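Trainee: Using only what follows, build the 3D model:
(chains A, B, C and D)
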There are 4 protein chains.
Amino acid sequence: MVGYKFMGKAHSHAYRDLPFYFDCDVEPVLQAVVGRDEEGVRAAAEKMGFATYETDWKRLIERDDIDLIDIVTPNNTHAEIAIAAAEAGKHILCEKPLALTLEDAQRMYNAVKKNNVVHMICHNYRFAPAIQFAKKLIQEGRLGKIYHMRAQYLQDWIMDPKFPSVWRLKKEVTGSGALGDIAAHSIDMARFLVGEFEEVTGMMETFIKERPVADSSGGLSAKSDSTIMEEVDVDDASAFLVRFENGAMGVFEATRFAGGNRNGNRFEINGSKGSIRWDMESMNNLEVYFADDESGIQGFRNITCTEEQHPFAGAYWPAGHIIGYEHTFINLMTELMKGVSERNSPSPNFEDGIRNQEILAAIEKSVETRGWVNVKQMRLVENV
Amino acid sequence: MVGYKFMGKAHSHAYRDLPFYFDCDVEPVLQAVVGRDEEGVRAAAEKMGFATYETDWKRLIERDDIDLIDIVTPNNTHAEIAIAAAEAGKHILCEKPLALTLEDAQRMYNAVKKNNVVHMICHNYRFAPAIQFAKKLIQEGRLGKIYHMRAQYLQDWIMDPKFPSVWRLKKEVTGSGALGDIAAHSIDMARFLVGEFEEVTGMMETFIKERPVADSSGGLSAKSDSTIMEEVDVDDASAFLVRFENGAMGVFEATRFAGGNRNGNRFEINGSKGSIRWDMESMNNLEVYFADDESGIQGFRNITCTEEQHPFAGAYWPAGHIIGYEHTFINLMTELMKGVSERNSPSPNFEDGIRNQEILAAIEKSVETRGWVNVKQMRLVENV
Amino acid sequence: MVGYKFMGKAHSHAYRDLPFYFDCDVEPVLQAVVGRDEEGVRAAAEKMGFATYETDWKRLIERDDIDLIDIVTPNNTHAEIAIAAAEAGKHILCEKPLALTLEDAQRMYNAVKKNNVVHMICHNYRFAPAIQFAKKLIQEGRLGKIYHMRAQYLQDWIMDPKFPSVWRLKKEVTGSGALGDIAAHSIDMARFLVGEFEEVTGMMETFIKERPVADSSGGLSAKSDSTIMEEVDVDDASAFLVRFENGAMGVFEATRFAGGNRNGNRFEINGSKGSIRWDMESMNNLEVYFADDESGIQGFRNITCTEEQHPFAGAYWPAGHIIGYEHTFINLMTELMKGVSERNSPSPNFEDGIRNQEILAAIEKSVETRGWVNVKQMRLVENV
Amino acid sequence: MVGYKFMGKAHSHAYRDLPFYFDCDVEPVLQAVVGRDEEGVRAAAEKMGFATYETDWKRLIERDDIDLIDIVTPNNTHAEIAIAAAEAGKHILCEKPLALTLEDAQRMYNAVKKNNVVHMICHNYRFAPAIQFAKKLIQEGRLGKIYHMRAQYLQDWIMDPKFPSVWRLKKEVTGSGALGDIAAHSIDMARFLVGEFEEVTGMMETFIKERPVADSSGGLSAKSDSTIMEEVDVDDASAFLVRFENGAMGVFEATRFAGGNRNGNRFEINGSKGSIRWDMESMNNLEVYFADDESGIQGFRNITCTEEQHPFAGAYWPAGHIIGYEHTFINLMTELMKGVSERNSPSPNFEDGIRNQEILAAIEKSVETRGWVNVKQMRLVENV
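Mentor: Numbering: from 1, shown residues only, chains lettered A, B, ... in the order given. Take a look at the predicted model:
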């Protein structure tokens, strides 16, 4: 694993915990973790249970005892690491978004295809049992033809103007702000549940234009007493309208300025036969409405997706005993292990990553051109 | 009152009930109701408690015992009636939207200004005590600088493809579909709570392109066994992005195709110091978040706005004893009576109606031009 | 109508509003209101729309133009007025509880039976459309055999120790505190939905033992600057366990000391085939669970009971447009008008009042004896 | 660890996962698991990560490499194992309830005291961060004097009459049904948050009197095709009223017959200054009401207890990223490790277990005597 902060913690925990709940043909072994700060990475290795550590990710590429490389570093480093890993025949799990640019993403995809390694991108939210169950309902036609998806990803962790300019607020490191960090998750959810995007038009805002230089940058909390200010060059908030290929309408919003919403990742989908609602902060619940329920007793059902019938849920606890954020990673890693075992790349993989990145690029372009952008037109020639 | 169907019922009830709860200098008297179908209007007059009825609205204009004309007819008739009423010196309450076109709306506004009559437009939802209280919190700066408004008005009454093409689905009668009928309410809410719109870009969809001819057309329910089909030329759903003059972002959606949402008129507003959430289906409640609440005990408060401190609520029942949809009209009519008494036109009045219509027009234009439209550019020269 | 404070307002409004929504063979006419304070009652008569007023309730008994007497006075006066009214052949609506003692209640019942007048007791909450619909589901067997009812009626209006000793806190006027005032409503709900009570055991508490003398005593709010203290001799809170005749278990609690619960009248019922939940503060909603829903999509449905299929709801507004507290009275008065027209006494009537009072008496006895009390044993010999 | 079914899974997972999140001076090592069925226990050992397994729990007592014995077997075996463990100087974690009888519980307590071993009982729910935070609020006086606790523990897993008579339904193995299994948790919560019980009166019901013999008995799900029926001699549901020593009133109910409630462990506490509400199915949230909040903006706050300020929560994920059922065990085990390290027995320990058992015994006695039972009178002489 390359990196060991917030996502490093989530990933390494998932690998550790996975064999307890699931039986996989291939089991993850925490062989090595990489970080540039030797003191930090040594402590992390010990804490998280890695057998060894390295201070240069290139060492991982060289090591024969490494089959899978998990990339949880800032976004601007994904491409180089992933391509090197692929060329060394290592399987890859990469944090989202795939890269800073569509071009880089494409190069990464080319590399994994050419070298025939297993690849996934870590859109973990679709692995909540409620979401997997929603997918099943939609596939079975229980919602009918989809008319609408409205999705919001609302956070509030940088509302304080004194919150420093951490790496997630720097374009050269992160690519974009709320858009690439959290809207990307909603886009993945939409592609998973509704289908491909045809065209988009969007807007982006940066409410706080400059912030104090960061002292430290762990996870989603940080402090700075610095009086030196830096420009913020990524979006605090993004919103966009979508026309899906199947004719559905999409309304999306992602922001880090929605006070009171700590991690409000939510959506509603309406189809001709039914509707669903979901909110990550109550991630075990799926609200479902069926238009063909008997007249008079129609209403959204609040289903606690903790039963045998709900994908992945049966591996955990009895009905009504809820699971949390970390289990979305465990479920995803289970699919990854299956992929490694069967030598295929379960969705979401790098192809999904490129599709996602095309949409992000189209939204950014629509902001520039102040008009609708067809997503397919973003596609690089080599990939058409 | 001209018209006596769904809105006629809501308005006449409000006039009847108003004096029971509020003491106004001027009290409404249900003098006459107008409808073209004599049998229908006679029954309505009796049922609703009007002293007399007429089959031609022009008779109301002529009658000396009529001080106020309330227009609850389909949208294409508003302009002619309102202008005639204004010229006859009658005060006017007009259902929203003001007119089919901005030009007509402007003529209506000119007429009421020239003739110095009291005028209001019936955006009733802002008269829920929770909304009036939200306004007060915002005015006092309790939410700080506003960053976001996201508003949805979700209904599902025409999802059945066999639902007939009633007047609300015909452009020549109604102007637009979900946009003018329900998004117009969200726009009024936004103007009331956040401020003026600077620019918009939107999308509109008609999911069911043709429907059976209507047999009858009362309220929001109808049936048709007809095999003759008519084209639907208004939007089933609309969505738009907004940049407010004060820099806030807006994300709006209105649809009649959101299964399970009977009258889901909802929004959330986020400011630098706090946030609010509201849903018409739980209209007595306002959820409020304050960023300066003590750390650890921050969270949305669920306030039941039924107390003395909540505008209009004190006139009704003790705390926790809820009121409903009809009370939004009673509250609005109370303002109207005060306006008549004091010879001014409380907001929302025809000027608000024009502002609203400008926004609707800008959205429709943005759909055509597939780009952002500055709302002020829609303004007719005479009104600049 | 005798009395004109909180309940007087609720009742007179209902009579006024009823003909607007419902067509009854008999229509209420607000002929006269009675109060001892002439100034007060004159103002009330004008405000509420009564044609005349009286300062002595006995005048109502004598007047030939009075067909129905509605008793909304403090509980200690119900018996005398009701018996006189019955003997004069007047129909009667009486506020709950029927009387201070079971003996008085029995005398009232004897009087209405002997004089063959129509009688009802004002347990309004069972007239929420959601409750009437719940009754229908239960009657149709949709919940199966009932196992459980848990009901809470939680208020907080007297938590301030400085809140004065108004009449609702004096045993000689009111009979009991939370028990007779609000638990009585839960008991009525239980009898309506689950069935008759077999035995009970309970507890009662008075948290604030003395309070300042009251200056005024309108509705549920009052203030006193008095330094003279009076003992509180009624319960602030009561709780009791119930065994129903059909074998179901009941757990009930009523309190005026549940901070944050303004009018939290709620319950859940569980049967072998399904469950329901209801809360007066969201009175339009009924949550319903069906055990025979397909596995995996089982969950409580949130039904907004505002549709044609929901009793009484069709008379009001389209689906999703909610009604409030006052409509429970309108619905009840509609039943009363039907009763007057057909010369029968719709439930809840004085017989229900006696059943309710027997249960209240049994609970009070169980508190004294510190053991279970069979409800039937409370029944007066003449009524067995 | 002795036993390896549902609780065995929860406990062993917690030991494994604990070091990842928390730094303890003493770290758990999964040394050995015990089960009578060799095949089953071998598979369990491998799956859960135990180094060895035994088929006789007495072997654990003898082994020198065992410092702590965790007892997750059926209730009738707790006493013998715990006493033997204590006498061998092993620290002990025991599943609740401590024993079948108060006498056995007392002997267990005597043994751990005499041998000076660390002991805890596994009431895990009080280790939800929201509950620990509630405790802090109460200790700080933020709720004032406590007036009320109402607690429900509602499940529905045995409603099907064909669900077999598993060990949890047999008195000789389990002691009692819903009472000891789930009401015991609510009692622990009450003792933790409100204080000691003074007196109780209760009722118990067995709705399904006989059930098919069990084929298997894992966790909370089971099936049987047997036509041989067995009597059910434990309660399906229990309810009881409580007078706390501090004067508060308690209303408790536990049932396995509340359809739609999979694991509905909930309560509300009302004090003179504030109220709290909690529901295990949304275990990260605590609803808090403060009576001294500014008038007009009073309402229950929905606090997602996932922040640094919330006990234990800081060890997991950023704010808004929820945790689940299993984390209540991890948190408890963290306290246990601290206890082992410091040689004391953190609450809840065997003393809490005895207190809890006294209350259960008092409730059972009150059912027999049909009256109130003073809890202290249950106390065995040796422990007074």
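Trainee: if you look at stretch A:286-296, does any of it touch chain D?
Mentor: No - Stretch A:286-296 does not reach chain D (Cβ under 8 Å from any Cβ of the partner chain); its nearest approach is 13.5 Å. Where you see a C-beta, it was placed from the backbone N, CA and C, and this is true even at glycine.
Trainee: For that stretch, list the C-alpha coordinates in PDB.
Mentor: The C-alpha trace of stretch A:286-296 is given here as PDB (Å, rounded to 0.1, in the frame of the first residue of the first chain):
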ATOM      1  CA  LEU A 286     -33.000   2.100   2.000                       C
ATOM      2  CA  GLU A 287     -36.300   3.800   1.500                       C
ATOM      3  CA  VAL A 288     -38.300   2.200  -1.300                       C
ATOM      4  CA  TYR A 289     -41.600   3.200  -2.800                       C
ATOM      5  CA  PHE A 290     -43.600   1.000  -5.200                       C
ATOM      6  CA  ALA A 291     -46.200   2.600  -7.300                       C
ATOM      7  CA  ASP A 292     -48.000  -0.700  -7.700                       C
ATOM      8  CA  ASP A 293     -48.500  -1.100  -3.900                       C
ATOM      9  CA  GLU A 294     -52.200  -1.300  -3.100                       C
ATOM     10  CA  SER A 295     -53.900   2.100  -3.200                       C
ATOM     11  CA  GLY A 296     -54.100   3.700   0.300                       C
END
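Trainee: average pLDDT across it?
Mentor: Averaged over stretch A:286-296, pLDDT sits at 97.
Trainee: What of stretch A:4-24?
Mentor: What stretch A:4-24 shows for mean pLDDT is 95.
Trainee: mind listing what's buried in that stretch?
Mentor: Neighbour counts over stretch A:4-24 (16 or more other Cβ atoms under 10 Å in any protein chain shown) mark A:4-22, A:24 as buried.
Trainee: which of these are close to chain D?
Mentor: Contacts with chain D within these, as defined by Cβ under 8 Å from any Cβ: A:6, A:10, A:13, A:16-17, A:19-20.
Trainee: for residue A:102, what are its contacts?
Mentor: The contact partners of residue A:102, by Cβ atoms under 8 Å, 6 or more residues apart in numbering or on different chains, come to A:354, A:357-358, A:361, A:378, A:380.
Trainee: From those residues, keep the buried residues only.
Mentor: A:354, A:357-358, A:361, A:378.
Trainee: Closest one of those to residue B:187?
Mentor: Nearest to residue B:187 out of these is residue A:361 (Cβ to Cβ; 31.5 Å).
Trainee: I'd like the average pLDDT over whichever strand or helix holds the closest one.
Mentor: Assessed by DSSP states H and E, residue A:361 sits inside helix A:350-369. Per-residue pLDDT over helix A:350-369 has a mean of 97.
Trainee: residues near the closest residue to residue A:180 other than its chain neighbours, how many?
Mentor: Distances taken as Cβ to Cβ, 6 or more residues apart in numbering or on different chains place residue A:97 nearest to residue A:180, at 4.7 Å, with adjacent residues excluded. When counting by other Cβ atoms under 10 Å in any protein chain shown, one arrives at 27 neighbours for residue A:97.
Trainee: quick one: residue A:97 and residue A:179 touch, right?
Mentor: No - using Cβ atoms under 8 Å, residue A:97 is not in contact with residue A:179, being 9.1 Å away.
Trainee: so what's in contact with the two at the same time?
Mentor: In contact with both residue A:97 and residue A:179: residue A:360, using Cβ under 8 Å, 6+ apart.
Trainee: Show me what from the stretch 201-350 of chain A comes close to chain C.
Mentor: So the stretch 201-350 of chain A meets chain C at A:288, A:293, A:295-304, A:307, A:309-310 (Cβ under 8 Å from any Cβ).
Trainee: And the residues you listed, which of them are buried?
Mentor: For these, a burial check counting by 16+ other Cβ under 10 Å picks out A:288, A:293, A:297-304, A:307, A:309-310.
Trainee: any chance of the residues you listed in TSV, plus distance to chain B and secondary structure?
Mentor: Shown next, in TSV, are those (distance: Cβ to the nearest Cβ, whole Å; DSSP: H, G, I helix; E, B strand; the rest coil):
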residue	distance to chain B	secondary structure
A:288	9	strand
A:293	10	coil
A:297	12	coil
A:298	7	coil
A:299	7	coil
A:300	5	strand
A:301	10	strand
A:302	12	strand
A:303	14	strand
A:304	18	strand
A:307	22	coil
A:309	21	coil
A:310	21	coil
